[in-house]
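**Student:** Have a look at this prediction, sequence included:
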Amino acid sequence: MRYISTRGQAPALSFEEVVLTGMASDGGLYVPETVPQLSTDDLAAMAGLSYAEIAFRVMQPFVNGEIDDETFRLLVTEAYATFSHDAVVPLNQLDANHFLLELFHGPTLAFKDVALQLLGRLLDHFLKKRGERAVIMGATSGDTGSAAIEGCRHCDNLDIFILHPYQRVSEVQRRQMTSVLADNVFNVAIEGNFDDAQAMVKASFADQSFLNGTRLVAVNSINWARIMAQIVYYVASAVALGSPHRKVSFCVPSANFGNVFAGYMAYRMGLPVERFVIATNANDILHRTLTANDFSKQELKATLAPSMDIVVSSNFERLLFEAYGRDGTAVAALLERFQDEPAALADAPLAQLRKLFASHSVDDATLLEVIREAHHRTHEILDPHTATGYRAAERERGDASVPMITLATAHPAKFAEAVVKAGFPGVPLPPHMDDLLERDERYTVLPAELSAVQQFVAENRR
Ligand SMILES: *Cc1c(COP(=O)(O)O)cnc(C)c1O
């Protein structure tokens with residue numbers, strides 16, 4: 001299998017190349033050229049298997065023989081052994097037919113661990129094979145940075161530099177990054193805001209000469225391997241609820257659309273899915289696009305569900321590529337228009353998307369109400385991101401006889417601000433992290449200057 005760009009111009013790549021590459025050279029994102037199929041028998045045979053074994057079976061066709069089965073199975077097993085729950089991603093039944101899929105039992109308490117625990121190992125495997133080293137650079141306002149650091153801390157062939165805005169991330173989020181004292185982990189606090197940090201990372205990818213030829217790798221959600229790893233929990237949870245013999249629906253708290261696109265891939269592989277409900281916070285581009293065909297940027301709003309605060313939803317491009325019949329030229333034209341002015345989808349692709357996707361947007365005031373309401377009904381304290389999903393699932397549930405699986409994307413202890421605002425005394429960190437606030441930290445404060453950051457990276461990479 002090869003991987004092709006959503007804009008139709010960049011060269012097709014192998015799996016190894018696509019893992020080591022971020023964005024395609026034509027500005028598009030990579031997707032598999034063909035979608036591997038899971039037959040009814042394949043799905044039925046997954047009943048009762050471990051998460052790691054299901055993960056191996058779902059992902060193996062995408063790897064395309066570029067890693068031998070035994071090694072790949074080992075990488076997968078090691079990745080998911082870092083989760084603190086034996087089921088890795090347990091299902092928690094909320095009422096007669098509504099389930100929470102708890103994706104927050106990984107090292108940093110948010111769903112990004114599912115993908116980044118595997119991605120770090122895949123990168124290290126390929127770099128070792130090639131006898132190369134690489135540098136990872138990323139900017140974070142929270143969840144991605146810590147998940148990337150945890151995913152790479154044991155990787156001999158990688159050095160990771162994560163930039164966060166100085167004194168502008170929560171204490172828990174900062175400590176999750178800065179208390180990892182591994183030799184290959186470098187936390188940089190930038191004296192500026194998140195956009196400054198992001199701009200410096202972008203500029204470093206655009207001109208990599210400061211690294212003298214060492215490969216620079218991106219671990220943001222446009223990396224195909226992250227999508228691939230996320231397909232697994234859609235399959236595993238549906239199988240646990242009786243797939244392929246009955247359909248399920250999913251509700252996904254969404255921002256960059258990586259998570260829900262993985263669900264769509266599971267559907268395209270043959271998983272029987274009734275519908276996907278997209279939940280957004282007040283940053284509602286996905287909701288506006290689906291309901292009003294308003295595909296336009298709006299100003300960023302800071303919300304109580306900060307990991308969903310986005311203006312542009314980068315992975316939506318992958319879905320547009322499918323909706324436009326894989327016409328890269330049409331996708332490129334649409335996205336180029338969207339860069340500069342409000343855009344709209346053509347009628348046929350939009351109609352097609354509306355058959356499978358519903359959406360709902362939840363503002364901050366409603367979000368607090370939902371946390372209280374969900375607790376009253378189910379005794380669960382939801383994190384603010386999951387709360388958007390809970391409300392969207394209830395509002396857009398459709399056929400009530402179809403099980404609804406809402407993805408719980410973070411542990412409530414990680415987002416205490418919203419939980420406290422909703423009137424709860426807070427949520428303790430899970431036992432394996434309860435000393436987080438006492439652990440030693442290491443980070444470097446730098447001015448928001450590209451040259452200072454690049455010099456730091458060049459001098460400290462190993
Ligand atoms: C990243 C994140 C999301 C959004 O996921 P996307 O794949 O960007 O749509 C939702 N909730 C939490 C807690 C996150 O960290």
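**Tutor:** Everything's here; your move. Note that the structure is predicted; figures quoted are calculated from it, not measured.
**Student:** And the nearest residue to residue 9 once chain neighbours are set aside, how far from residue 442?
**Tutor:** Sequence neighbours aside, residue 26 is the residue nearest to residue 9 in space, at 3.7 Å (criterion: Cβ to Cβ, 6 or more residues apart in numbering). Yep, even glycine has a C-beta here, placed from its N, CA and C like the rest. In this view, residue 26 and residue 442 are 39 Å apart by Cβ to Cβ, to the nearest Å.
**Student:** so the residue nearest to residue 9 makes contact with residue 12?
**Tutor:** No - look at residue 26 against residue 12 with Cβ atoms under 8 Å: they stay out of range, at 11.8 Å.
**Student:** Enumerate the residues of the protein near the ligand.
**Tutor:** Applying Cβ under 6 Å from any ligand atom, we find that the chain lies next to the ligand at 110, 112, 143, 221, 253-259, 307-308, 385, 409-410.
**Student:** please redo it, this time with the cut-off set to 5 Å
**Tutor:** Applying Cβ under 5 Å from any ligand atom, one finds that the chain approaches the ligand through 110, 143, 253-256, 258-259, 307, 385, 409-410.
**Student:** so of these, which ones are in strands?
**Tutor:** residue 253 (DSSP state E).
**Student:** Include neighbour count when you put the residues of the chain next to the ligand into a markdown table, please.
**Tutor:** A markdown table is the format used below for the residues of the chain next to the ligand (neighbours: other Cβ atoms under 10 Å):
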| residue | neighbour count |
| --- | --- |
| 110 | 27 |
| 143 | 24 |
| 253 | 30 |
| 254 | 31 |
| 255 | 25 |
| 256 | 20 |
| 258 | 24 |
| 259 | 27 |
| 307 | 26 |
| 385 | 32 |
| 409 | 28 |
| 410 | 24 |
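**Student:** buried sites along the helix ranked longest in the chain?
**Tutor:** Across the chain, the longest stretch assigned as helix under DSSP state H is helix 112-130. Neighbour-count burial for helix 112-130, counted by 16 or more other Cβ atoms under 10 Å, picks out 112-127.
**Student:** What backbone torsions are found at the residue nearest to residue 9?
**Tutor:** Note on residue 26: backbone dihedrals following degrees, to the nearest 10 are phi -90, psi 10.
**Student:** who are the neighbours in contact with it?
**Tutor:** 5, 7-10, 332 (Cβ atoms under 8 Å, 6 or more residues apart in numbering).
**Student:** now swap in residue 56 and tell me
**Tutor:** Counting by Cβ under 8 Å, 6+ apart, residue 56 touches 69, 72-73, 76.
**Student:** Quick check: the two most widely separated of the contacts of residue 26?
**Tutor:** Farthest apart among those by Cβ to Cβ are 10 and 332. That separation is 10.8 Å.
**Student:** Quick check: neighbours shared by these two?
**Tutor:** By Cβ under 8 Å, 6+ apart, the residues touching both residue 10 and residue 332 are 26, 28.
**Student:** and the particular helix or strand that has residue 459 in it, C-alpha only, in CSV?
**Tutor:** Residue 459 is part of helix 450-460, with elements assigned from DSSP states H and E. C-alpha atoms of helix 450-460 as CSV (Å, rounded to 0.1, in the frame of the first residue of the first chain):
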residue,chain,number,x,y,z
LEU,A,450,13.5,32.4,16.6
SER,A,451,17.3,32.6,16.7
ALA,A,452,17.5,31.9,20.4
VAL,A,453,15.2,28.9,20.1
GLN,A,454,17.0,27.4,17.1
GLN,A,455,20.4,27.9,18.8
PHE,A,456,19.1,26.1,21.9
VAL,A,457,17.9,23.2,19.8
ALA,A,458,21.1,23.0,17.7
GLU,A,459,23.3,23.1,20.8
ASN,A,460,21.3,20.6,22.9
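**Student:** buried sites along that helix?
**Tutor:** For helix 450-460, the neighbour count (16+ other Cβ under 10 Å) marks 453-454, 456-457 as buried.
**Student:** likewise stretch 288-304?
**Tutor:** Using 16+ other Cβ under 10 Å as the test for burial, stretch 288-304 gives 288-290, 294-295, 303-304.
**Student:** now swap in stretch 386-399 and tell me
**Tutor:** Judged by neighbour count (16+ other Cβ under 10 Å), stretch 386-399 contains these buried residues: 386-394, 396-397.
**Student:** do the same with stretch 21-38
**Tutor:** Buried-residue list, stretch 21-38, by 16+ other Cβ under 10 Å: 21-24, 27-32, 35-36, 38.
**Student:** What is the nearest of the residues you listed to the ligand?
**Tutor:** The ligand has its nearest neighbour among the buried residues of stretch 21-38 in residue 29, at 13.1 Å by Cβ to the nearest ligand atom.
**Student:** Surely the closest one is in contact with residue 5?
**Tutor:** Yes - assessed by Cβ under 8 Å, residue 29 is found in contact with residue 5 at 7.0 Å.
**Student:** my hunch is that residue 58 is in a helix, does that hold up?
**Tutor:** Yes - remark: residue 58 belongs to a helix, assigned using DSSP: H, G, I helix; E, B strand; the rest coil.
**Student:** Return the helix or strand in this structure with minimum mean pLDDT.
**Tutor:** In the chain, the helix or strand scored least confidently by mean pLDDT, DSSP states H and E is helix 194-206, which has a mean of 90.
**Student:** Summarise which helices and strands it is packed against.
**Tutor:** In terms of contacts (3 or more Cβ pairs under 8 Å, 6 or more residues apart in numbering; DSSP states H and E), helix 194-206 is packed against strand 134-139, strand 158-165, strand 185-191, helix 450-460.
**Student:** Show me what the longest one is packed up against.
**Tutor:** In this case it means helix 450-460. Counting contacts by 3+ Cβ pairs under 8 Å, 6+ apart, helix 450-460 is packed against strand 158-165, strand 185-191, helix 194-206, strand 444-447.
**Student:** where does the first one sit relative to the chain's centre, distance-wise?
**Tutor:** On the basis of Cα atoms, centre = their mean, to the nearest Å, strand 158-165 sits 18 Å off its chain's mean C-alpha point.
**Student:** tilt between it and helix 112-130?
**Tutor:** 140 degrees (axes from the mean of the first three to the mean of the last three Cα atoms, to 10 degrees).
**Student:** Quick check: mean pLDDT of the helix or strand following strand 158-165?
**Tutor:** Next in sequence after strand 158-165, counting helices and strands by DSSP H and E, comes helix 171-178. Helix 171-178 shows a mean pLDDT of 92.
**Student:** For helix 171-178, list every residue counted as buried.
**Tutor:** By neighbour count on 16+ other Cβ under 10 Å, the buried set for helix 171-178 is 172-178.
**Student:** Packing partners of it?
**Tutor:** The contact analysis (3+ Cβ pairs under 8 Å, 6+ apart) places helix 171-178 against helix 143-152, strand 158-165.
**Student:** so which of those is the most packed in?
**Tutor:** With neighbours defined as mean count of other Cβ atoms under 10 Å, these peak in mean count at helix 143-152, which reaches a mean of 27.
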